[in-house]
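In: Okay, predicted coordinates and the sequence, questions at the end:
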Amino acid sequence: MLNYHGRLYAKAQKLRPSFRAQYDDVLRQVDVLAMPTPPMKAHLHDPELNLQQFVARVGNITSNTVAFDVTGHPAISLPCALSEGLPVGLMLVGRHFDDAGLLAIAHAVEQQIDWQLASLKCCANQLSTPLPAAYHAAHKASDIR
């Protein structure tokens, strides 16, 4: 097992204020951010993977959600469409301390999208939001090392 002696945690703590401020700036211009919950479909189970391969796969699936674990912004995932028979998650991210507003928007989205009939193309074309630099920085492996 890899042992980083807290280096990754310390790095995340140092970057937290900058990440939070950048997302706060974007959220002053929009009500919520919308993005796929995972950036890809679920992987098939592969018992042949070693621990490092498994961790890399899991890290890729959580890459859209992990930034908000660091910044503390409220987020919710909703099913929004089907792709090859599997549900696709839509993540909505709101402003700090506006959980009620985020839940109201999520409810409105749920009322408008029949996700079991929607295709991925229809959902993706309606929801596009530019992401702040903090998002892109958080996903560079070189920034974590």
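Out: In hand now; what should we look at?
In: which element follows the longest helix along the chain toward the C-terminus?
Out: When the chain is parsed with DSSP state H, its longest helix is helix 7-27. Scanning forward in sequence from helix 7-27, with DSSP states H and E defining helices and strands, the next element found is strand 33-36.
In: Can you spell out which helices and strands pack onto that following strand?
Out: When contacts are defined as 3 or more CB pairs under 8 Å, 6 or more residues apart in numbering; DSSP states H and E, strand 33-36 packs onto helix 7-27, strand 86-93. C-beta: built from backbone N, CA, C; applies to glycine.
In: Between these, which one is closest to Pro38.
Out: In terms of CB to CB, the element of these nearest to Pro38 is strand 86-93, at 6.4 Å.
In: Would you mark the buried spots in the helix or strand just after the closest one?
Out: Remark: after strand 86-93, the chain's next helix or strand is helix 99-112, criterion DSSP H and E. By neighbour count, with 16 or more other CB atoms under 10 Å as the criterion, the buried positions of helix 99-112 are Leu102, Ile105, Ala106, Val109.
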